[in-house]
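K.L.:
output the structure for:
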Amino acid sequence: MSDMNVNQVLAQMRAMSLEAGGAKVQETGGGADFAAMLKQTIGTVNEVQQTAGKMEDAFEAGDTNVSLAEVMVASQKASVSFQAMLQVRNKLVEAYKDVMNMPM
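P.N.:
Predicted coordinates for the structure are as follows:
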């Protein structure tokens, strides 16, 4: 698979991930700023976790507008998004170690 195909696949995966999290997808011309993208992703994961926490608190307080099913779905979304971010972090650390161990 060529570099262009890999980049396109990664861009599509990021777009689907952001859409699943409810975030707006911002198309770039392929030269995306990695730091900004990482910050946006971390912010999205944080928002999903905050929303899940608020829903849990509302359900525990007896709010009739929040069902157990909604709380469980929000909690699972938060868990999955955090696990995905954790895996990306692990791959980045692994890639960094590989680069640092390369002979000069």
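K.L.:
neighbours of residue 69, how many?
P.N.:
Neighbourhood size, residue 69 [other CB atoms under 10 Å]: 8. Just so you know, the C-beta spots here come from the backbone N, C-alpha and C atoms, and that holds for glycine as well.
K.L.:
can you tell me the average pLDDT over whichever strand or helix holds residue 51?
P.N.:
Assigned by DSSP states H and E, residue 51 falls within helix 34-60. For helix 34-60, the mean pLDDT works out to 91.
K.L.:
got the buried residues for that helix?
P.N.:
40-41, 44-45, 48-49, 52, 55-56, 59 (16 or more other CB atoms under 10 Å).
K.L.:
how much space is there between the closest residue to residue 58 other than its chain neighbours and residue 59?
P.N.:
Leaving aside its chain neighbours, residue 58 sits nearest to residue 66 (4.7 Å; criterion: CB to CB, 6 or more residues apart in numbering). Distance, residue 66 to residue 59, by CB to CB, to the nearest Å: 5 Å.
K.L.:
can you pull out the helices in the chain?
P.N.:
3-20, 34-60, 68-100 (DSSP state H).
K.L.:
if we can go back for a sec, now for the residue nearest to residue 58, how many residues are close by?
P.N.:
Neighbours of residue 66 (other CB under 10 Å): 18.
K.L.:
wait, what's in contact with it?
P.N.:
Residue 66 is in contact with 55, 58-59, counting by CB atoms under 8 Å, 6 or more residues apart in numbering.
K.L.:
same thing with residue 76?
P.N.:
Taking CB under 8 Å, 6+ apart, one finds nothing in contact with residue 76.
K.L.:
and it, what's its pLDDT?
P.N.:
With respect to pLDDT, residue 76 scores 95.
K.L.:
got phi/psi on the residue nearest to residue 58?
P.N.:
Backbone dihedrals for residue 66, given as degrees, to the nearest 10, come out at phi -120, psi 120.
K.L.:
what do you get for residue 64?
P.N.:
Phi and psi for residue 64, reported as degrees, to the nearest 10, are phi -80, psi -10.
K.L.:
and it, how far is that from residue 86?
P.N.:
Per CB to CB, residue 64 is found 35 Å from residue 86.
K.L.:
that'll do, ta.
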